[in-house]
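Chemist: Model the following, please.
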Amino acid sequence: MTADPFSYSRLTTAACISLERSGAGRSSGGYLVVFAIAVFALADFIVQRPELSVTITRDRQSLYQVMPDNRVCNFYDLEIDTFAGYDTQVSVAVTGISDITLTGSNQFTAKEIGTTKRRYQLCVNTPQPRKTAIEFVVRSDADEVRKATSFFYGQ
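Modeler: Residues are numbered from 1 along each chain as shown. A predicted model of the protein is given here:
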């Protein structure tokens, strides 16, 4: 009987020798290192993320409003997501214009689950440039977030 050149044992042996020569069996250690680095980076990202995520949106329906007492007002919506794992006490302030008045709750509790939304009215008594940069400052015990936006004043 002659040996079949395509027998299973001969093909298996040839495949093992080929894998051994190519180094494919040793590359699994490299994948393990890459996987460990990815897991470490993900864990670091989760630990290092800020406690608060803040979004400020100016009311786009009206550029500004002139009130009966001649104050000029803009309206803003504030959305806060907290990643602290518990309800967080938050304070809100506005910088950029010296005589600006903030109408809305400047201290409240941001809920652990879901988005906390607040509406603010910002008014000035004195004339301003048509577009002035302002900044909302949102603070908690462990974090401070500053978000820039614009205040519009009609002339």
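Chemist: Off-centre distance for the longest helix along the chain?
Modeler: Ranked by residue count and defined by DSSP state H, the top helix of the chain is helix 28-48. Chain-centre distance of helix 28-48: 21 Å, with Cα atoms, centre = their mean, to the nearest Å.
Chemist: downstream neighbour of that helix in the secondary structure list?
Modeler: Later in the chain than helix 28-48, the nearest helix or strand by DSSP states H and E is strand 52-58.
Chemist: what's in contact with that next one?
Modeler: Here strand 52-58 makes contact (Cβ atoms under 8 Å, 6 or more residues apart in numbering) with 74-83, 88, 90, 110, 136, 138, 140, 143, 145, 147, 149-150. C-beta: built from backbone N, CA, C; applies to glycine.
Chemist: so how far is Leu42 from the most centrally placed residue in the chain?
Modeler: For the chain, the residue nearest the mean C-alpha position is Ser53 (5.4 Å; Cα atoms, centre = their mean). Distance, Ser53 to Leu42, using Cβ to Cβ, to the nearest Å: 18 Å.
Chemist: okay, stretch 64-76 in CSV with CA atoms only?
Modeler: Extracted in CSV, the C-alpha atoms of stretch 64-76 (Å, rounded to 0.1, in the frame of the first residue of the first chain):
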residue,chain,number,x,y,z
TYR,A,64,-34.3,89.3,22.7
GLN,A,65,-37.3,90.8,24.5
VAL,A,66,-37.8,94.4,25.6
MET,A,67,-39.8,94.4,28.8
PRO,A,68,-42.3,97.1,29.9
ASP,A,69,-39.6,98.6,32.2
ASN,A,70,-37.2,98.9,29.2
ARG,A,71,-35.0,96.0,30.4
VAL,A,72,-33.7,93.8,27.6
CYS,A,73,-34.0,90.1,28.3
ASN,A,74,-32.8,86.8,26.8
PHE,A,75,-34.1,83.3,27.7
TYR,A,76,-31.9,80.2,28.2
